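Participant: Predicted structure and sequence below. I'll ask about it afterward.
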Amino acid sequence: MMMDSGVPTQPIHTTERDAALLARIGKVIPILADLSRADIFIGVPRASNQIEIIAQAQPHTVAPVHRASLVGQALTRGDASAWFRAIEARQFARGLREYPAAEAGIGEGGPAPVVQEAYPIENEEGRIIGGMLIETNLLESERLKRRSEVFQRSLKIFQLGALRGEPEGIEKLSPFGEHDGAIVADIDGMIRYMSGIATNLYRNIGYSEPLVGKPLGYLELQDDDLVRRALATRTCVQVESSERGRTWVKKVVPIVRTERASLFSQARASSLLAFLLIHDDTEAREREQELLVQATMIKELHHRVKNDLQTVASLLRMQTRRLQTTEAKGALAEAVNRILSIAVIHEFLSVQDTRAINIRDVAQRIIAQMQTGVLDPERRIRLTLEGPNIYLPARQATSCALVINELLQNALEHGYDARATGGTIALTFEDRGDAVGLHVHDDGRALPPDFSLDRVDSLGLRIVQMLVTQDLKGQFDLQSDRGVSALVRFPKIPLGGEAWKELE
């Protein structure tokens, strides 16, 4: 059933082929939006005289008209009169709409005029299945009118081709940015249009003369071959290359100019054109290479620090064997474990991304060190680890590693007497969203009745208190619980590290 307006009162029936055509068009509109400097929407008529938006593309070259996604929303005639007229009349329509300035993405103030251009979308049987709406702020629309007629005609041809879901392979192209250049070439490889940015890009590599009207082969680059390949296959092409000391990303979008009696009659290709889009990626690649070199140097530094710490630990072990008193040997053994706990962090930083360390993996390594270097196998005291992976910045991970080491050593030293055989020390992590929970429980002796953290004389526990409260900005407590439980909680710091600076 159709209303007098020509817009269905019920949702239109969309076949699989119709849906496939609309999906192909949806892949074309991102690059089309970039070149048009406009927001582009694909919509289908629905009940109650509405058009539902099923796809949306925002430009990377200018600020979009709409900041948020409108996909899934329905527009009425008051929202997009040009869209309705295009579908009803089965031809291109144009109109003007005023949006509040904030809604249009251009700050605060009075109404912002937006030019609306709309095309109907027709399937192979000639039935209207939807429409394409192009919204351009009035300033950009006026700028487009002052650009080369060749560019304007080529853009219009591109828009018409988009209604057929052409060209192939366009979804694989990277976006076209505001600092990228554009060239229009014909099937003979002649340059018909060159944007100001493209002119400057080629001037930077030695082409100071006007290039419009010259063949692409004159440039002695790969541009001519790329365009001919894209036009021969009618498929988009993107390559990265190094030419004349610069790193380029070049994209070719073939477009078909057709002769037809009307917009929706059978099309016959009369000639082919192509957009050659140029991006100079040299500076970005150089920055990327510099960051890679810096990261490699930093990892090498962490590797050397780890080796140095392990050397210091070995020297202290040698010194321990020469000592006579049990107290001195115990103190040096504890110092060795602290040094090795820090070395674990540097070992992780030497082989992975320095912005994030999985503290569960660190804890597993500390437990393994204790099992091989501290625990007497005959005592049969087990160390267990439970909880999820939790990623922390390097500085937080270092403090957390020292806390884990001290709490495990404290549980082993004070939870069981020298003759104890059997027991379990359990380390458990909790991910509480914006905070980390750390629980160390031993099933040994309970705390003395008069125990108070404020009066504790244990060096290890004083170190834990200092690290938790001052470095990690958290809380620490000890409780008797069928043994002793050490409870630590501290806030997560974003991996960027800015929040850490705020806490200092």
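Facilitator: Received the coordinates, thanks. Not measured: the values here are computed from a predicted model. Residues are numbered from 1 along each chain as shown.
Participant: On the three-state scheme, the most far-flung residue of the chain relative to its centre is what?
Facilitator: Most distant residue from the mean C-alpha position of the chain: Q324, 58.9 Å away (Cα atoms, centre = their mean). At Q324, secondary structure determined by DSSP: H, G, I helix; E, B strand; the rest coil is coil.
Participant: Next one: it, what pLDDT does it get?
Facilitator: pLDDT recorded at Q324 is 76.
Participant: if I look at the closest residue to K27 other than its chain neighbours, how far off is Q470?
Facilitator: In this structure, K27 finds its nearest non-sequential neighbour in E171, 3.9 Å apart by Cβ to Cβ, 6 or more residues apart in numbering. From N, CA and C alone the C-beta is placed, and that goes for glycine too. Per Cβ to Cβ, to the nearest Å, E171 is found 53 Å from Q470.
Participant: Between the two, which is the more surrounded one?
Facilitator: Legend: neighbour count by other Cβ atoms under 10 Å for E171 and Q470, higher for E171 (13 against 10).
Participant: where's the residue nearest to K27 relative to V351, distance?
Facilitator: For E171, the distance to V351 - Cβ to Cβ - is 37 Å.
Participant: helices and strands around the host helix or strand of G460, which ones?
Facilitator: Per DSSP states H and E: G460 is located in helix 459-466. Under the contact criterion of 3 or more Cβ pairs under 8 Å, 6 or more residues apart in numbering; DSSP states H and E, helix 459-466 touches helix 394-414, strand 475-480.
Participant: again, only this time at 7 Å
Facilitator: helix 394-414 (3 or more Cβ pairs under 7 Å, 6 or more residues apart in numbering; DSSP states H and E).
Participant: So for the helix or strand following the helix it packs on, what gets flagged as buried?
Facilitator: Later in the chain than helix 394-414, the nearest helix or strand by DSSP H and E is strand 423-431. Buried residues in strand 423-431, defined by neighbour count with 16 or more other Cβ atoms under 10 Å: 423, 425-427, 429.
Participant: Can you give me the buried ones in stretch 238-257?
Facilitator: For stretch 238-257, a neighbour-count test (16+ other Cβ under 10 Å) marks 238, 247-257 as buried.
Participant: Q58 contacts D39, correct?
Facilitator: Yes. Q58 lies in contact with D39 (Cβ atoms under 7 Å); the separation is 5.7 Å.
Participant: So between these two, which is more surrounded?
Facilitator: More neighbours surround D39 than the other of Q58 and D39, with 24 against 21 (other Cβ under 10 Å).
Participant: which ones are touching G474?
Facilitator: 468, 488-491 (Cβ atoms under 7 Å, 6 or more residues apart in numbering).
Participant: quick one, helices of this protein?
Facilitator: Secondary structure of the chain by DSSP state H: the helices cover 16-36, 81-89, 138-145, 149-162, 196-203, 223-233, 282-322, 326-349, 359-373, 394-414, 459-466, 498-503.
Participant: Need the residues that contact the second one.
Facilitator: Contacts made with helix 81-89 from outside it, assessed by Cβ under 7 Å, 6+ apart, are listed as 5-7, 43, 45, 51, 75, 77, 92-95, 116-120, 128, 131, 133.
Participant: Buried only: go through the residues you listed for me.
Facilitator: 7, 43, 45, 51, 75, 92-93, 95, 116-120, 128, 131, 133.
Participant: So which of those residues is the closest to V227?
Facilitator: V227 has its nearest neighbour among the buried ones among the contacts of helix 81-89 in Y119, at 26.6 Å by Cβ to Cβ.
Participant: what's near enough to touch K299?
Facilitator: 349-350.
Participant: Can you tell me how far it is from E149?
Facilitator: In this view, K299 and E149 are 56 Å apart by Cβ to Cβ.
Participant: Kindly report the same for P59.
Facilitator: 22 Å.
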